[in-house]
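[1] Sequence and predicted structure, then a few things I'm wondering about:
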There are 4 protein chains.
Amino acid sequence: MNSTWGRKYRLSVFGESHGKGVGVVIDGLPAGFAVDFDAVSAELSRRAPGRDETSTPRRESDRFEVFSGIMDGKTTGAPLMAMTRNADTRSGDYTPGIPRPGHADLVAMLKYRNFNDFRGGGHFSGRLTAAIVFAGAIAKQILASRHGVAIISRAASIHGETDPERQRAAVLEARARGDSVGGVIECIVTGVPVGWGEPIFHSAESELAAMMFSIPAVKGVEFGDGFGFADKYGSEVSDGLGIDANGNVMHLANHNGGINGGITNGETVVFRVAVKPTPTISIPQKTVNLNTNEAIVHSFSGRHDPCIVPRALPVVECAAAIALMECGG
Amino acid sequence: MNSTWGRKYRLSVFGESHGKGVGVVIDGLPAGFAVDFDAVSAELSRRAPGRDETSTPRRESDRFEVFSGIMDGKTTGAPLMAMTRNADTRSGDYTPGIPRPGHADLVAMLKYRNFNDFRGGGHFSGRLTAAIVFAGAIAKQILASRHGVAIISRAASIHGETDPERQRAAVLEARARGDSVGGVIECIVTGVPVGWGEPIFHSAESELAAMMFSIPAVKGVEFGDGFGFADKYGSEVSDGLGIDANGNVMHLANHNGGINGGITNGETVVFRVAVKPTPTISIPQKTVNLNTNEAIVHSFSGRHDPCIVPRALPVVECAAAIALMECGG
Amino acid sequence: MNSTWGRKYRLSVFGESHGKGVGVVIDGLPAGFAVDFDAVSAELSRRAPGRDETSTPRRESDRFEVFSGIMDGKTTGAPLMAMTRNADTRSGDYTPGIPRPGHADLVAMLKYRNFNDFRGGGHFSGRLTAAIVFAGAIAKQILASRHGVAIISRAASIHGETDPERQRAAVLEARARGDSVGGVIECIVTGVPVGWGEPIFHSAESELAAMMFSIPAVKGVEFGDGFGFADKYGSEVSDGLGIDANGNVMHLANHNGGINGGITNGETVVFRVAVKPTPTISIPQKTVNLNTNEAIVHSFSGRHDPCIVPRALPVVECAAAIALMECGG
Amino acid sequence: MNSTWGRKYRLSVFGESHGKGVGVVIDGLPAGFAVDFDAVSAELSRRAPGRDETSTPRRESDRFEVFSGIMDGKTTGAPLMAMTRNADTRSGDYTPGIPRPGHADLVAMLKYRNFNDFRGGGHFSGRLTAAIVFAGAIAKQILASRHGVAIISRAASIHGETDPERQRAAVLEARARGDSVGGVIECIVTGVPVGWGEPIFHSAESELAAMMFSIPAVKGVEFGDGFGFADKYGSEVSDGLGIDANGNVMHLANHNGGINGGITNGETVVFRVAVKPTPTISIPQKTVNLNTNEAIVHSFSGRHDPCIVPRALPVVECAAAIALMECGG
């Protein structure tokens, strides 16, 4: 397995859904940065389950203990390890030998020859995104402090609905039926300096996309007009250039989402990610019992989100912050 | 700059559009593999310009000289360097100081403080994809030989058209008007064993997406149902499991495009990339003359493709092969 | 800072001498390996201080808690995080503002602008080698189990003495005077298969040396005859080849310490490391008081080893195991 | 194989002794640096064979063609590829099937299952150090220009002799008898700023040693007093601190060779490398004929240096420059 990432802002995440907990080592931090741990906790709270009726009732503390790398509230430059211990784990919710369709259960068993921790998905669980949020929340602060970068996101659509009230209704309706719904998250990054990212392999788009596809349930990523470009003429989507009042070059449009040739151009970075409906639903699904090698129809009764878009918003933002640290942060 | 890639199948690409040429060092090759260089040339020919009236009339030889790493037609295990020298370069086509909207011209100048080779985009040029095709064509052969992996692609749409004849007409129509069109490429990979890719950071989707976004003009990537998931119920897109005639577990659907939890599940890997219309068009665009700091309207007259989808097909396939070498090839 | 290592057996170490503790994430473990944690503890005990009168009286528990990556005593394939909490820390032993000559105190302050954790050396402390021993002890087991590799070491000399009794006497004599002594550790690795390591950059010697120089106080590394080669004729140090009783090629000598051209040749790998005398001694040394910017003469009274060679033996062995995992393990 | 190196100043070397030539891609160069290619050639000439009677009579042009990354004499920021074509290759000098003792011939055959290019050692040849010199000569210039770093080296001893005239005599004497001699190179680096290198894994000593052990024939590396520390008391080798005339902290001695805790301390960096006698000698050696599987006694008649110390001096310096780019250059 390879749960390490980054050349500059290096992460090593660890832990399991139903083990002792999850955590992360962040290596490559500057020394002397005053981390706002309340702000980190606020990001973790946005991700935490059990906040309202649209999310899973599992309650996780998501309170991270900082073990190293901080003295007097400031980074020392040494690796920062932080971890959270699991509190509310009901392993009984998971039936070993009955893989959940659309989940990693089956591939994990095959790849790791049944030695993987299957309880709640183990290291494959969405619970690991708490570690990404922790590391990304600090990255966000560094980016804001050093460069004035701000990262926000919103549910562009849930089950096709763009209005927040209708989105909520769609989630509750799905929940009531034991079903789930997908959606699209739009992420907006302002203040990114010109010149972040590299042509070819380490383009800003490559770095951001690699991090987005590290988030469970993300199945698509597009920048600027994205797939909308496919039906357009070049003349319709030209990000023409002009001179602003101060005599500086400015873009007259932003179809490219702030990135040209893999490198940020000073405009707002805009991208969207497609989030699939949670595959764990209580509506019966066709699956197999690997203990008996029989095809069965099974209703998965664990506590799960009918739509992970709301909880995924901070994950997308924090993952974007991690990617941007790599690009130039 | 960082034009190196890979932990297992390591690439270092170099060269410029209007310099001496382009090339690549491939490090990490197995020893004793008989490379079919005719097949490599065939891939390069698919990418080469000037083949018909839908592509740029620039003629590149795209004939690569193999400099090292091969003896008696077989890999020695040592790094394979191959390069092609530029033949038909008309630098006069490019006007320094007038950045092409939608291209890397402006960001390259700012990032590299005007020291970058601006001629034809220099190292940012689509010409560099020849190096990716060379390296990926060998990767394709290794994947096919070792694992039976086959990678094909098609123009799923060009300017909204799905029929090849209408696609061609759309390109010619755009060309006639000095305009360009975008499209969507679908890539299909069969034979990928179960278990390639890692959960979290090095997911098969992360690896493939990072390579796809290394291709100029790619602005979106989706796997399986991709953005189509966003409007669906979980119950509609369940990749149910069953038992096949041989008693093996099988998937009853493939909405996830052959990847679960970041790891290949043995089904066909399916993804699509959005390709934007070529930004260099002869229809006048708003830009700036950096020599005079004036806003101008300029018609870019260089030889360019009205649609790069056809030539991008082998690039997408070969880039996918490179990504799959990293995942498990 | 960069406290991560490895492309295959990836480590991320964290912690401080006088903070909460130290630990390590090991990423890249095979799944299903039954770790012998008693053997790991035994290695840690060999390194632990306070065992006898030749070492520092500081008592560390060095009992590691395994937090993730293990289920039912076997590796799951997911990252293994383990940590130990500091017990006996007397920060008062350390005087901030008075750098210990020969230590990292001064450079750490300058590099990290006084934000580093100075207590007991913080992340620069020899205490961090406990994390290396933990990770290396598991590597040792994997190497033994998979390949039959065995790694042992001995104090080749301490203050010039080769006899163990005289070595002990030399340490006690130095201790009595508040002084310290250096030595040479010889490490012997049997069972390494032919072909580990790479020519040029990732030679077996490069990998082993990089790990050895990660151990505080190591100031020299040599393989086989090492510096002894310098005075010899080529004809004197020829590792001639012959045919053994089974018809296999054999080496008739091992001046090269089991490595040719950066690659293991099947013979015993032999290397030696030079260990400097502990720089913290109670004999007064010239140093500076940075609070007053005055030159002073200071006696450092902390609890320190008069000779770290005995405790460094398991560190050298475990560090060697980590390096060998990278080479081919 | 893995002939790539570096996280910041990334190298990918390629080529073979008796193939088309050797070369290197340097990735990570700053833009706008005016490379002094005459100085690069001068370094290459120092390494080139055939200069006088103490070196091999093989004449290599060692004239590198710069293929990319340079425009108007300055770096563009894009990868710089440079290569030299082999001129004087007499493959007949090498007898396939008769491995040279002490060389990589046997391990290369075994590791690459006879697919390796055996001619003159192929990719394992000392000829590859020309690529290291090319890349390192540019690194040297960058270090000098940016930081005032100067790197020099000398033959501290050859066959035990420290006097240059006696060293020369020793080499000629060995040559006359068809034998070879080893020696020690001392490298002195002035001007290195405080704070380069990292504690633990990426110590300045680790980076430098890894590069030194990438040079064929290097079998030992020591910093400062190195192995000399082993016989000393701590009180004898204390690098005491004081205050200089300007009120700055200064070191009163430099036993540690400019590095404490893995990090440069502002003093001169001093290290020595042990160079073994060239294993290819015309004095008959015991070896095997792998074609017949017989033990034989063979005289290797190729053109070889009786002592590579003189030609290795620029290699050591340039390799040091590469390592220092990684540490902080």
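    Everything's here; your move.

[2] How about residue A:241: which residues does it bridge to?
    Bridge pairing for residue A:241 (DSSP bridges) gives the partners residue A:251.

[3] how about it, what does it touch?
    Contact criterion C-beta atoms under 8 Å, 6 or more residues apart in numbering or on different chains gives A:249, A:250, A:251, A:252, B:99, B:101, B:106, B:286, B:287, B:288, B:295 as the residues in contact with residue A:241. All C-beta atoms are positioned from the backbone trio N, CA, C, and that covers glycine.

[4] same thing but at 10 Å, please
    Contacts here follow C-beta atoms under 10 Å, 6 or more residues apart in numbering or on different chains; on that basis residue A:241 touches A:249-253, A:265, B:98-102, B:105-106, B:285-290, B:295-296, B:298.

[5] go on, residue A:219?
    With C-beta under 10 Å, 6+ apart as the criterion, the residues that contact residue A:219 are A:182, A:212-213, A:273-276, B:205, B:221-230, B:237, B:255-257, B:259, B:271.

[6] same deal with residue A:264?
    Applying C-beta under 10 Å, 6+ apart to residue A:264 gives the contacts A:189, A:192-197, A:203-205, A:257-258, A:324, A:327-328, B:107, B:111.

[7] So which of those are in helices?
    Of the contacts of residue A:264, the ones assigned to helices by DSSP state H are A:204, A:205, A:324, A:327, B:107, B:111.

[8] How about the third one: what's its closest non-neighbour residue?
    In space, residue A:324 comes closest to residue A:143 once its chain neighbours are excluded; the distance is 5.9 Å by C-beta to C-beta, 6 or more residues apart in numbering or on different chains.

[9] Output the contacting helices and strands for the helix or strand hosting that neighbour.
    Under the assignment given by DSSP states H and E, the secondary-structure element containing residue A:143 is helix A:129-147. Applying 3 or more C-beta pairs under 10 Å, 6 or more residues apart in numbering or on different chains; DSSP states H and E, we find helix A:129-147 packed against strand A:10-15, strand A:21-27, helix A:37-47, strand A:80-85, strand A:150-158, helix A:309-327.

[10] Export these as CSV, with columns for mean neighbour count and mean pLDDT.
    Conversion of those to CSV gives the following (neighbours: other C-beta atoms under 10 Å in any protein chain shown; pLDDT from 0 to 100):
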stretch, mean neighbour count, mean pLDDT
strand A:10-15, 28, 98
strand A:21-27, 28, 97
helix A:37-47, 17, 96
strand A:80-85, 23, 97
strand A:150-158, 20, 98
helix A:309-327, 26, 97
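
[11] how about CSV for those, with distance to residue D:123 added?
    Compiled in CSV, these are given as follows (distance: least, C-beta to C-beta, whole Å):
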stretch, distance to residue D:123
strand A:10-15, 31
strand A:21-27, 33
helix A:37-47, 49
strand A:80-85, 41
strand A:150-158, 46
helix A:309-327, 32
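
[12] for residue A:178, what are its contacts?
    Applying C-beta under 10 Å, 6+ apart to residue A:178 gives the contacts A:281, A:282, A:283, A:284, A:299, A:300, A:301, A:306, B:234, B:235.

[13] Same check on residue A:16?
    Per C-beta under 10 Å, 6+ apart, neighbours of residue A:16: A:22, A:86, A:89, A:116-125, A:127-128, C:67-71, C:76, C:78-79.

[14] From those residues, list the ones also adjacent to chain B.
    Among those, the residues that sit close to chain B (C-beta under 10 Å from any C-beta of the partner chain) are A:116, A:121, A:122, A:123, A:124, A:125, A:128, C:78, C:79.

[15] I'd guessed the first one sits against residue C:70; true?
    This means residue A:116. No - in this structure residue A:116 lies outside contact range of residue C:70 using C-beta atoms under 10 Å: 11.7 Å.

[16] how many other residues sit next to residue A:34?
    By the criterion of other C-beta atoms under 10 Å in any protein chain shown, residue A:34 has 12 neighbours.

[17] Now the closest residue to it other than its chain neighbours: phi and psi?
    In space, residue A:34 comes closest to residue A:74 once its chain neighbours are excluded; the distance is 5.0 Å by C-beta to C-beta, 6+ apart. Geometry field for residue A:74 lists phi and psi as phi -120, psi 150, criterion degrees, to the nearest 10.

[18] distance of residue A:74 from chain D?
    With the distance defined as C-beta to the nearest C-beta, to the nearest Å, residue A:74 ends up 18 Å from chain D.

[19] Ok, residue A:261 next?
    With distances taken as C-beta to the nearest C-beta, residue A:261 is found 13 Å from chain D.
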